[in-house]
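Asks: Sequence plus the predicted model coming up.
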There are 2 protein chains.
Amino acid sequence: MTQALRHDAMRARNLGVVLAEVRRSGPVSRAALAEITGLTKTTVSKMVGDLIAAGMVAESGAVRDGERGRPGTAVALSGGRVAALGLEINVDYLSACVVDLTLAVRTRYAQAVDNRMSSPVETLSHLQELAQKAVDEAQAQGLVIAGVTVAVPGPVDKGLVHAAPNLGWHDVRVPDLLSLTVEVDNEANLAALGELWFGSAPEDFLHVSGEIGIGAGLVVGGALFRGASGLAGELGHVVVAPDGPACRCGGRGCLEQYAGQDALLRAAGLGGTAGGVPELLERLRAGERRPLEACERAGRALGVALTSAVHLMDPGTIVLGGVFAPLFEWIREPAHRTMTARLSTMRHTVPALTVSRLGGDAATLGAAGRIIHRVIADPYSWRRFASR
Amino acid sequence: MTQALRHDAMRARNLGVVLAEVRRSGPVSRAALAEITGLTKTTVSKMVGDLIAAGMVAESGAVRDGERGRPGTAVALSGGRVAALGLEINVDYLSACVVDLTLAVRTRYAQAVDNRMSSPVETLSHLQELAQKAVDEAQAQGLVIAGVTVAVPGPVDKGLVHAAPNLGWHDVRVPDLLSLTVEVDNEANLAALGELWFGSAPEDFLHVSGEIGIGAGLVVGGALFRGASGLAGELGHVVVAPDGPACRCGGRGCLEQYAGQDALLRAAGLGGTAGGVPELLERLRAGERRPLEACERAGRALGVALTSAVHLMDPGTIVLGGVFAPLFEWIREPAHRTMTARLSTMRHTVPALTVSRLGGDAATLGAAGRIIHRVIADPYSWRRFASR
DNA sequence: CCGAATTAATCCACGTTATGGACTTAATAT
DNA sequence: ATATTAAGTCCATAACGTGGATTAATTCGG
């Protein structure tokens, strides 16, 4: 149900509108903010005052535009006070990063650990250490952490990780095992948001994160689409061929069986070897036939699955991340060719296929960015905002 | 950008919250409304007064609950004043219906016309006549039409129908050809909304409308998902078999080639005949082998496409409408079997497959319902609201 | 049958918030 | 120097919701 609004909610929302506009328009004068938001100069002035007191924005010198009339004093986001901590648990690494209000990365730690070998308790105690180091460093920089999000590779429902098959987790309550107040979300979702806020993605796109499994996060109008129960985006199990090879999901011919990391390495003749993706890349650069054919085949399958995804979800753009990022050069063409052949009659424009610039950091950044974006949209949500 | 809120917007929103709650909770006392919405009794009383003056709600006698204390006077939606007109253009018929604020259908006209034979101008002039009859009748009942929506079988962008292949339309500006202020939307989208408001569908579902083509509308949290450019839901062209029969969309093995009306009739051995779906039904009831096999095959293909849809969009339930409604008995089992086999390992629950109760009326009802729902959510949006 | 208790609805003084015009300040143009 | 222009602040006002007091209409208990 839509909530009733009282005066305080109106104020909170307008404050968020002003802060969001400060972020969007870089250094701006109060007068310009009033013009853009439709609020009066008086209101904007009061709000900017509060935001300065809260350390969220700062005056950044005069706007000398050469026009006549009194020059405005520009205000801009201040990264000096408010920050957020993003954490990520993945199959073979843990990472943490602190991001300030301007989305600048202040601290970043990553640690390679094989988390399949250890229990959730052990893994989370490792993560706790990493988080503590990051928090200490942030505090040394004078930052206050407004919130913490943990990214995990599997579907999440209110902090409960029901099953993360690649980690071997079942029914793990992440917040209960950390001595920090954290929120938990799915890695693929957060990677999509990371791409939105830190990458070069537009307002509408589908972010495909190819790892062992293949997940996808759809962003429409700057908001993540989660589906009815938060399980949307399982691109890896979209049907490519109904009678194809059996998949661990119980189906047949899922995309994962053609373009998942394991299937790809096997098709390239690197199934048993330990070289993994780096070796595959070497052999592709060397022009070996089998790896090239494997990528061609994976690209075509990806194109088929993406065709279905485009028909159903209509994303504006498609961003390939995870292992598809280094393989982009070899996968793009067959995938795009397949999509064009199947989509161009029905649509003016076939969604562009681009590559993520963020690589493996996307989810960690998205985890921290989520907190920052909430604080910007609703500054009062940060409990340490100036007592009123 | 999120809009700044002024006092009038706060009032508009709260008024909508109250009106929506009146709708949701049937006859309620003002005191109960205050409790539910979180607003004070004072505020609610003033708003209910305004809504009564506008003819949107009416007192419906005392609430005699047997408890002690003064009994409340219940208020409920009043269908006597505000209404909306829904229009639909389809391949072989036109229809119009007037729906009042309580979502009761006041007037309904349908006319069988083969619109493939006539130009957009002719078709729309027919529609205009039908609409006029409906408006006249509504006015005779004392109703005021708050808005009009036209449903068309094809993607729509701000009133412009770029291409409706089944009608033979290209770049038709529907509002320019009618002497009414109308909004235009896609038939599959409106059918999904019709199912939401007039059918028995829950808050989250995917509505599949099988006609010549196969469209789908996804509703999540009571809101329609449209994708980046409003083209989401093209279930008919989801890939079922990458090397299957060629489709008019340029692809191969699209769902439409297995479960579209034409493909289905052809597979049942009724390709050239004029009997259509009614004859197919007869033969199915008679237990003829070829039609039964055709449905089995179509159901399996539908199951494959829906599997992809569930993985990507995660709908809570799936509602089959259009020609799939009469065929439900024969299609449900193979479709459900296919989905269960492919989905049950990954999810606790496989979305239920249900049938629409609305049949062909869904889009017309959705078109009218859209206006009503907007008026309820924001009563001021109806320009004839009591001048303040 | 009557007063006490209880709940509904309204009334009124007040607090919060945004508004809009007047005022002050700081620059450019003449 | 003086006029003009625009930024930012000040102040009285209007819109709206709040919360306590008041009035109204019941049931309960004796």
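Replies: Nice, I can see it. Numbering: from 1, shown residues only, chains lettered A, B, ... in the order given.
Asks: And the closest residue to DNA strand C within the stretch 151-300 of chain A, how close does it get to residue A:321?
Replies: In the stretch 151-300 of chain A, no residue comes nearer to DNA strand C than residue A:222, which is 22.9 Å away by CB to the nearest atom of the strand. Placement of C-beta: from N, CA and C, glycine included. Relative to residue A:321, residue A:222 is positioned 18 Å away (CB to CB, to the nearest Å).
Asks: These two: which is more packed in?
Replies: Higher neighbour count among residue A:222 and residue A:321: residue A:321, with 30 against 13, using other CB atoms under 10 Å in any protein chain shown.
Asks: element containing residue A:69, please.
Replies: Under the criterion DSSP states H and E, no helix or strand holds residue A:69.
Asks: Could you report the distance from it to chain B?
Replies: According to CB to the nearest CB, to the nearest Å, residue A:69 and chain B sit 25 Å apart.
Asks: sorry, back to before: once you drop chain neighbours, what's closest to the residue of the stretch 151-300 of chain A closest to DNA strand C?
Replies: Nearest residue to residue A:222 in three dimensions, chain neighbours excluded: residue A:203, at 5.0 Å (CB to CB, 6 or more residues apart in numbering or on different chains).
Asks: measure that neighbour to residue A:218 for me?
Replies: 12 Å.
Asks: circling back to that earlier point, what count of nearby residues applies to the residue nearest to residue A:222?
Replies: For residue A:203, the count of nearby residues is 13 (other CB under 10 Å).
Asks: Next up, the contacts around it.
Replies: By CB atoms under 8 Å, 6 or more residues apart in numbering or on different chains, residue A:203 lies in contact with A:196, A:219-222, A:316.
Asks: Restricted to helices, list these.
Replies: residue A:196 (DSSP state H).
Asks: now the contacts of residue A:203: which count as buried?
Replies: For the contacts of residue A:203, a burial check counting by 16 or more other CB atoms under 10 Å in any protein chain shown picks out A:196, A:219-220, A:316.
Asks: Among those, which lie within strands?
Replies: Per DSSP state E, strands hold the following members of those: A:219-220.
Asks: give the contact list for the nearest residue in space to residue A:157 that is not next to it in sequence.
Replies: Leaving aside its sequence neighbours, residue A:157 sits nearest to residue A:230 (CB to CB, 6+ apart; 6.3 Å). Shown in contact with residue A:230 (CB under 8 Å, 6+ apart): A:155-157, A:186, B:314.
Asks: Max pairwise distance over those: which two?
Replies: The two members of the contacts of residue A:230 with the most space between them (CB to CB) are A:156 and B:314, at 13.5 Å.
Asks: For chain B, what's its nearest residue on the stretch 251-388 of chain A.
Replies: Using CB to the nearest CB, residue A:314 is the residue of the stretch 251-388 of chain A that sits closest to chain B, at 2.7 Å.
Asks: element containing the residue nearest to that residue when sequence neighbours are not counted, please.
Replies: Nearest residue to residue A:314, sequence neighbours excluded (CB to CB, 6+ apart): residue B:227, at 2.7 Å. For residue B:227, there is no host helix or strand (DSSP H and E).
Asks: how close does whichever residue of the stretch 151-300 of chain A sits closest to DNA strand D get to residue B:172?
Replies: When scored by CB to the nearest atom of the strand, the stretch 151-300 of chain A has residue A:223 as its residue closest to DNA strand D, at 26.8 Å. Distance check for residue A:223 against residue B:172: by CB to CB, it reads 32 Å.
Asks: Please enumerate the strands of the stretch 251-388 of chain A.
Replies: A:317-322, A:352-355 (DSSP state E, counting those that start in this stretch).
Asks: So residue A:223 and residue B:172 - more neighbours on which side?
Replies: For residue A:223 versus residue B:172, the count of surrounding residues by other CB under 10 Å is larger for residue B:172: 24 against 12.
Asks: strands paired with the helix or strand harbouring that one, and their directions?
Replies: Secondary structure from DSSP H and E places residue B:172 in strand B:169-173. The pairing partners recorded for strand B:169-173 under DSSP bridges are strand B:160-164 (antiparallel).
Asks: Against residue A:299, how distant is the residue of the stretch 151-300 of chain A closest to DNA strand D?
Replies: Distance of residue A:223 to residue A:299, given as CB to CB: 30 Å.
Asks: same thing with residue A:365?
Replies: Distance, residue A:365 to residue A:299, using CB to CB: 27 Å.
Asks: Kindly report the same for residue A:76.
Replies: Using CB to CB, we find residue A:76 at a distance of 43 Å from residue A:299.
Asks: One more: residue A:98?
Replies: For residue A:98, the distance to residue A:299 - CB to CB - is 37 Å.
Asks: Over to residue A:142?
Replies: Plainly put, residue A:142 is 48 Å away from residue A:299 if you go by CB to CB.
Asks: Looking at the two now, which is surrounded by more residues?
Replies: Ranked by neighbour count (other CB under 10 Å), residue A:142 and residue A:299 place residue A:299 first, with 25 against 10.
Asks: Excluding chain neighbours, what is closest to that one?
Replies: The nearest residue in space to residue A:299 (CB to CB, 6+ apart) is residue A:334, at 3.1 Å.
Asks: how about the closest residue to chain B within the stretch 151-300 of chain A, what does it touch?
Replies: Proximity of the stretch 151-300 of chain A to chain B (CB to the nearest CB) peaks at residue A:227, 2.7 Å away. By CB under 8 Å, 6+ apart, residue A:227 lies in contact with A:233, B:220, B:313-315.
Asks: show me what contacts the residue of the stretch 251-388 of chain A closest to chain B?
Replies: Neighbour list for residue A:314: B:226-234 [criterion: CB under 8 Å, 6+ apart].
Asks: try it again with 7 Å
Replies: Counting by CB atoms under 7 Å, 6 or more residues apart in numbering or on different chains, residue A:314 touches B:227-229, B:231-232.
Asks: cool, and residue A:370?
Replies: A:149, A:190, A:193.
Asks: and those, which of them are in strands?
Replies: The strands, defined by DSSP E, take in residue A:149 from these.
Asks: out of the contacts of residue A:370, which are buried?
Replies: In those, the ones that pass as buried (16+ other CB under 10 Å) are A:149, A:190, A:193.
Asks: The first one and residue A:369 touch, don't they?
Replies: No: shown here, residue A:149 and residue A:369 do not form a contact pair, counting by CB atoms under 7 Å, at 8.8 Å.
Asks: separation between the residue lying closest to residue A:303 once chain neighbours are set aside and residue A:211?
Replies: Using CB to CB, 6+ apart and skipping the chain neighbours, the partner closest in space to residue A:303 is residue A:338 (2.7 Å). For residue A:338, the distance to residue A:211 (CB to CB) stands at 22 Å.
Asks: No further queries at this time; thank you.
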